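Asker: Sequence plus predicted model, see below.
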Amino acid sequence: MAEETVAVGLMGLGTVGGGVVRLLAANQEKIRQKLGVAVEISKILVRDPSKPRQVEVARGLLAVDPADILEDDRIAVVVELMGGLHPAREYISRALARGKSVVTANKDVLAVYGPELYALAGEHRVDLLFEASVGGGIPVIHPIREGLAGNRLYEVMGVVNGTTNFILTRMSAGGQDFHAALAEAQALGYAEADPRADVGGDDAARKIAILASIAFDTIVTYDDVYVEGITGVTPADIAYGNELGYTLKLLAIARQVEGEVEARVHPAFLPQGHPLAAVNDVFNAIFVRGDAVGQTMFYGPGAGQMPTASAVVGDIVEAVANIRHGSCSRISYPGADRRPIRPMGDVRCKYYLRLTVQDQPGVLARIAGVFGDHGVSLASVIQKKTVDGLAELVLVTHEVKEEDFRRALSVIAGLPVVRRIENAIRVEEEWQ
Ligand code: NAP
Ligand code: HSE
């Protein structure tokens, strides 16, 4: 290897790893000119070296022993693209402790072990860069950490999972069913190795934990986030919501409210005019509000090989530049203080509710009475259809406290005139 070369060790050669190899090769000269040194992949860790690969790499580059990267002092930057908690946590820790900068796309490991990994990076004065962990190819971590550093940020709300947004877009457009849309997202390389993390909301929860931590400069972990996925969403609810002027999205929301941090992921109806309502297919967008900047939104492809590789290579370039100029770890990591997490029962929002009831006089009055007893006021009630003596009702509440709504709903579910609670979906209107 030539003297003016920085050696990179890649851990993982799957969808994203393959994209990184391609992108570094395609832009080798441009990157060398930008940095004044060449960047070269000197080892690639995989599980199975005999597996057919989408990208061509010299057989001698492949390794199965992590020590070939972690204990090689010529390797200055480790790029972790294996995914999962273990052994990613251990390999990243070992790399940082040995004075190597680390680039990762792994939101799972950051959302759980972020605090210890940030501390290690700070302690050893190396970089831990993770732009690709949220929003795929969208630059959002750097803008929040650096470009918006002059603000007190108080809201981060986004469509941060490409797979579920792809599925919801297909279901909303009428036509494709859930399973066919998921299979297509998997074939396109958007989904996690276990797609339950996408459709169950966990992937988005990990991302909002990372975003909340850096935006609010506190520690928010995956366990702090309330999570509901999209498996309960039906085409009927999407269609009724559209009639009411709403679009359904899987939203990840983090806010600073009265000294507490609110962090949640769930399907939500947004007014059709909201900027996030227009984010479709695999695209993601992150809407950020700060006291000085007002509203900003970061938009782009949220998953996929080359968009994610774009973010990873950007981080590799930064890591190498920082090593060259002795400026690693120049911005502190979150962790100085840990603000309390607001219990979900205290969160306030509007609700859409669909239920099947007996079609007889006085039913609506009884339901409205229960809501009234729990301090829940109704904004609208529509009777959608009546079949065999049963009526389908769609109600929208005014803003309520979550625990009041839930208590009222459990009483309503027990009323003899109520056949079924079909669905309850939160509605996110403009928040001040
Ligand atoms: P992937 O296609 O499943 O690739 C994983 C790679 O890591 C494979 O090459 C695998 O080796 C290797 N690997 C896994 N466990 C290993 C172990 N214990 N030891 C050695 N090698 C190991 O995953 P991916 O889609 O590229 O995702 C990689 C990371 O990027 C994940 O953290 C993911 O959440 C994140 N991410 C993905 C996307 C996306 O659109 N796909 C977007 C943003 C972030 P073998 O090939 O030998 O099996
Ligand atoms: N499975 C993730 C998604 C990949 O669909 O958004 C990008 O993090």
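Answerer: That came in fine, so what should we check first? Ligands and ions are numbered 1, 2, ... in the order given.

Asker: who does the lowest-mean-pLDDT helix or strand in the chain touch, helix- and strand-wise?
Answerer: Across the helices and strands of the chain, mean pLDDT, DSSP states H and E gives its lowest value to strand 378-387, namely a mean of 89. The contact analysis (3 or more CB pairs under 8 Å, 6 or more residues apart in numbering; DSSP states H and E) places strand 378-387 against helix 363-373, strand 390-397. Glycine gets a C-beta too; all of them are placed from N, C-alpha and C.

Asker: Could you give the backbone dihedrals for the closest residue to V427 other than its chain neighbours?
Answerer: Spatial nearest neighbour of V427, chain neighbours left out: K350 (3.9 Å); criterion: CB to CB, 6 or more residues apart in numbering. The phi/psi pair for K350 (degrees, to the nearest 10) reads phi -80, psi 160.

Asker: before we move on, what SS does the residue sitting furthest away from the middle of the chain have?
Answerer: Going by CA atoms, centre = their mean, the residue of the chain most distant from its centre is P361, 45.9 Å out. Under DSSP: H, G, I helix; E, B strand; the rest coil, P361 falls in the coil class.

Asker: Check the spacing between it and V417 real quick.
Answerer: 10 Å (CB to CB, to the nearest Å).

Asker: Likewise for R125?
Answerer: Where V417 is concerned, R125 sits at a distance of 67 Å (CB to CB).

Asker: And for E146?
Answerer: 58 Å.

Asker: Quick check: residues of the stretch 1-150 of the chain near ligand 2?
Answerer: G136 (CB under 6 Å from any ligand atom).

Asker: For the stretch 1-150 of the chain, which segments count as strands?
Answerer: 5-11, 38-45, 62-63, 75-80, 101-104, 128-129 (DSSP state E, counting those that start in this stretch).

Asker: dump the residue contacts of S172.
Answerer: I238, N242, T247, L248 (CB atoms under 8 Å, 6 or more residues apart in numbering).

Asker: coming back round to it: quick one: closest of the helices and strands packed on strand 378-387 to K100.
Answerer: Among the helices and strands packed on strand 378-387, strand 390-397 comes nearest to K100, with 52.8 Å by CB to CB.

Asker: Sheet partners, orientation included, of that closest one?
Answerer: In the sheet, strand 390-397 lines up against strand 348-358 (antiparallel), strand 378-387 (antiparallel) (DSSP bridges).

Asker: Can you tell me which of those strands is most buried?
Answerer: Compared across the strands paired with strand 390-397, strand 348-358 shows the largest average neighbour count, a mean of 19 (mean count of other CB atoms under 10 Å).

Asker: and it with helix 363-373, angle?
Answerer: Computed by axes from the mean of the first three to the mean of the last three CA atoms, to 10 degrees, the angle separating strand 348-358 from helix 363-373 equals 150 degrees.

Asker: right, so of the strands paired with strand 390-397, which gets closest to ligand 1?
Answerer: Comparing the strands paired with strand 390-397 by their distance to ligand 1 (CB to the nearest ligand atom), the top pick is strand 348-358, with 28.7 Å.

Asker: want to throw the contacts of S172 into JSON lines with distance to V39, neighbour count and secondary structure?
Answerer: Shown next, in JSON lines, are those (distance: CB to CB, whole Å; neighbours: other CB atoms under 10 Å; DSSP: H, G, I helix; E, B strand; the rest coil):
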{"residue": "I238", "distance to V39": "46", "neighbour count": "20", "secondary structure": "helix"}
{"residue": "N242", "distance to V39": "48", "neighbour count": "14", "secondary structure": "helix"}
{"residue": "T247", "distance to V39": "42", "neighbour count": "22", "secondary structure": "strand"}
{"residue": "L248", "distance to V39": "43", "neighbour count": "23", "secondary structure": "strand"}
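
Asker: Which of these sits closest to ligand 2?
Answerer: Relative to ligand 2, and with distances defined as CB to the nearest ligand atom, the nearest of these is L248, at 16.9 Å.

Asker: Give me the distance between that closest one and R354.
Answerer: As for L248, its distance to R354 is 13 Å (criterion: CB to CB).

Asker: which parts of this protein sit against ligand 1?
Answerer: Residues of the chain that fall close to ligand 1, judged by CB under 6 Å from any ligand atom: 12-17, 45-48, 51, 81-83, 87, 105-107, 132, 136, 189-190, 192-193, 303-304, 308.

Asker: are any of these buried, and which?
Answerer: The neighbour count (16 or more other CB atoms under 10 Å) marks 12-17, 45-46, 81-83, 87, 105-107, 132, 136, 189-190, 192, 303-304, 308 as buried among the residues of the chain next to ligand 1.

Asker: Sitting in helices, which of the residues you listed do you find?
Answerer: T15, V16, G17, K107, T308 (DSSP state H).

Asker: In contact with the fourth one, which residues?
Answerer: The one in question is K107. With contacts defined as CB under 8 Å, 6+ apart, K107 is in contact with F130, S133, V134, D203, R206, K207, I210.

Asker: In contact with K401, which residues are there?
Answerer: Counting by CB under 8 Å, 6+ apart, K401 touches G345, D346, V347, R348, G375.

Asker: returning to what we had before: how about the residue nearest to V427, what does it touch?
Answerer: Contacts of K350 (CB under 8 Å, 6+ apart): A379, V396, T397, H398, E399, V400, R426, V427, E428, E429.

Asker: try it again with 7 Å
Answerer: Going by CB atoms under 7 Å, 6 or more residues apart in numbering, K350 touches V396, T397, H398, E399, V427, E429.

Asker: could the residues you listed go into JSON lines alongside neighbour count, pLDDT and distance to L117?
Answerer: Compiled in JSON lines, the contacts of K350 are given as follows (neighbours: other CB atoms under 10 Å; pLDDT from 0 to 100; distance: CB to CB, whole Å):
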{"residue": "V396", "neighbour count": "19", "pLDDT": "97", "distance to L117": "43"}
{"residue": "T397", "neighbour count": "22", "pLDDT": "98", "distance to L117": "42"}
{"residue": "H398", "neighbour count": "12", "pLDDT": "97", "distance to L117": "43"}
{"residue": "E399", "neighbour count": "15", "pLDDT": "96", "distance to L117": "38"}
{"residue": "V427", "neighbour count": "19", "pLDDT": "98", "distance to L117": "37"}
{"residue": "E429", "neighbour count": "13", "pLDDT": "87", "distance to L117": "37"}
